[in-house]
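S.K.: curious how this folds, go ahead:
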Amino acid sequence: MKALRWHNARDIRLEQIDEPQALKGKVKVKVEWCGICGSDLHEYTAGPIFIPTETHPLSGDKAPIVLGHEFSGQVVEVGEGVTNVQAGDRVTVEPIYACGECEACKQGMYNLCDKMGFFGLAGGGGGFSEYAAVPAEMIHKLPEAVSFEQGALVEPSAVALHAVRQSKLKVGDKAAVFGTGPIGLLVIEALKASGASEIYAVELSDIRRQKAAELGAIVIDPKQCDAVSEIQKRTDGGVDVAYEVTGVPPVLKQAIHATKINGETMIVSIFEKEAPIHPHDIVMKERSLTGIIGYRDVFPAVISLMAQGYFPADKLVTKRITLDEVIEEGFEGLLKERDQVKILVKAE
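M.R.: Model (predicted):
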């Protein structure tokens, strides 16, 4: 079957590999759609970050590995001992590997597992392929009201909803989102679902600002004004919570300054470089700075919200391509076309 494999930074290849089998405890899924994540792009341009160059303790795999962790599909076969799904079920995948034995896992915080990895980044298979054999515990059924396209958005939406849930945001609070790429737009949706009264979106791209406005955010163009001053002026001192979703070091400082006294900044993005900040920016206003990685116990809530109309694919997906086009039109396309939001890849 065809599969996209990461060999090294700037070296991903669409190759023919053996079709995976539904071994004990696994579910064989015919992949329908897989989204290109910012993490995939980071691995392409600057990896390895999450990709193991030595054998991963949970996946048992190492580079070269199949990419793709945001995907949906249909179950075609189940392995021995699998009871939660059956052939024909429409599903999405929660791709976190966790050991179940470390202190984080014992506390239920499996996304903070000492050995944590992602299916599609840490090996074992991936969504940029025709089929994937996925551990049964990663599988979530999709209701009929949620399409396969929406199913491919569950994973990034889970990141966004987890970020909002882990923040101090309360119903009626004001928020700012710095960066409205795919995750930033999904954070806006999660904020709406969580009852934020005002959502400010800071974004350079005209198209991405337009998408943020379509989702109900108050957009700010940092080319036209000082975004921090504008937010402080409009909110009488700053927002309750700011979400940093760019991974660009100077933007983290802006996000902190955009919060009010005792406000919070939530880091949602993955940084390739260090981001210097002055401790006084935190101390003198008794602000807080925190972050999230991935998600936990949130997929069912995301799927339920999707069935109610949140996280709409028609407003978030800007390009649909095939597996044969994934390198040039997908990865290279995202580097050349900065206005793209979410690209979905059809596994044909």
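S.K.: separation between I17 and T235?
M.R.: According to Cβ to Cβ, to the nearest Å, I17 and T235 sit 52 Å apart. C-betas here are computed from N, CA, C, even on glycine.
S.K.: more neighbours, those two?
M.R.: Shown here are I17 and T235; by other Cβ atoms under 10 Å, T235 has more neighbours (20 against 14).
S.K.: now that one: closest residue in space, sequence neighbours ignored.
M.R.: Once flanking residues are discounted, T235 sits nearest to K174: 5.3 Å by Cβ to Cβ, 6 or more residues apart in numbering.
S.K.: state the distance from the one you found to P276.
M.R.: Between K174 and P276 the computed distance is 27 Å (Cβ to Cβ).
S.K.: likewise for E19?
M.R.: Counting by Cβ to Cβ - E19 and P276 are separated by 48 Å.
S.K.: next secondary structure after the top helix by length along the chain?
M.R.: Counting residues, the longest helix found in the chain (DSSP state H) is helix 148-166. Once the chain leaves helix 148-166, the next helix or strand it forms, by DSSP states H and E, is strand 174-178.
S.K.: and that next one, what does it pack onto?
M.R.: helix 182-193, strand 198-202, helix 227-235, strand 239-244, helix 249-257 (3 or more Cβ pairs under 8 Å, 6 or more residues apart in numbering; DSSP states H and E).
S.K.: paired strands for the fourth one, with orientation please.
M.R.: So the one you mean is strand 239-244. Partners of strand 239-244 in the sheet, by DSSP bridges, are strand 174-178 (parallel), strand 259-267 (parallel).
S.K.: what's in contact with the last one?
M.R.: Think strand 259-267. The contact list for strand 259-267 (Cβ atoms under 8 Å, 6 or more residues apart in numbering) reads 163, 166-168, 176, 235, 237-244, 252, 255-256, 285-292.
S.K.: on that earlier part again, so which of the strands paired with strand 239-244 is the most surrounded?
M.R.: strand 174-178 (a mean of 30; mean count of other Cβ atoms under 10 Å).
S.K.: now that one and helix 148-166, what's the angle there?
M.R.: Between strand 174-178 and helix 148-166, the angle formed by their directions is 120 degrees, by axes from the mean of the first three to the mean of the last three Cα atoms, to 10 degrees.
S.K.: what angle separates strand 174-178 from helix 249-257?
M.R.: Using the same axes, to 10 degrees, strand 174-178 lies at 170 degrees relative to helix 249-257.
S.K.: for strand 174-178, C-alpha coordinates in CSV please.
M.R.: Below are the C-alpha coordinates for strand 174-178, written out as CSV (Å, rounded to 0.1, in the frame of the first residue of the first chain):
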residue,chain,number,x,y,z
LYS,A,174,-12.5,37.8,27.6
ALA,A,175,-9.8,36.0,25.6
ALA,A,176,-7.2,36.6,23.0
VAL,A,177,-5.9,34.1,20.5
PHE,A,178,-2.5,34.9,19.0
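S.K.: need the contact partners of that strand.
M.R.: Here strand 174-178 makes contact (Cβ under 8 Å, 6+ apart) with 169, 184, 187-188, 191, 196-202, 212, 217, 227, 231, 235, 239-246, 251, 254-255, 258-259.
S.K.: so what's the residue nearest the centre of the chain up against?
M.R.: Nearest residue to the geometric centre of the chain (Cα atoms, centre = their mean): P156, 3.1 Å. Residues in contact with P156 (Cβ under 8 Å, 6+ apart) are G35, C37, E70, P182, I183, L186, K342.
S.K.: do A104 as well
M.R.: Each residue near A104 by Cβ under 8 Å, 6+ apart is listed here: Y110, N111, L112, C113, D114.
S.K.: relative to M138, how far out is the residue lying closest to the fourth one once chain neighbours are set aside?
M.R.: Spelled out, that is C113. Distances taken as Cβ to Cβ, 6+ apart place A98 nearest to C113, at 4.0 Å, with adjacent residues excluded. For A98, the distance to M138 (Cβ to Cβ) stands at 10 Å.
S.K.: and G179, by the same measure?
M.R.: 28 Å.
S.K.: do the same with A87
M.R.: In this view, A87 and M138 are 17 Å apart by Cβ to Cβ.
S.K.: those two: which is more packed in?
M.R.: Remark: of A87 and M138, M138 carries more neighbours, 21 against 12, as counted by other Cβ under 10 Å.
S.K.: contact partners for that one?
M.R.: Neighbouring residues of M138 by Cβ under 8 Å, 6+ apart: V93, E94, P95, I96, F119.
S.K.: next: V268.
M.R.: Counting by Cβ under 8 Å, 6+ apart, V268 makes contact with V159, A160, A163, I183, G184, V187, Y243, E244, V245, G291, I292.
S.K.: fine, thanks again, bye for now.
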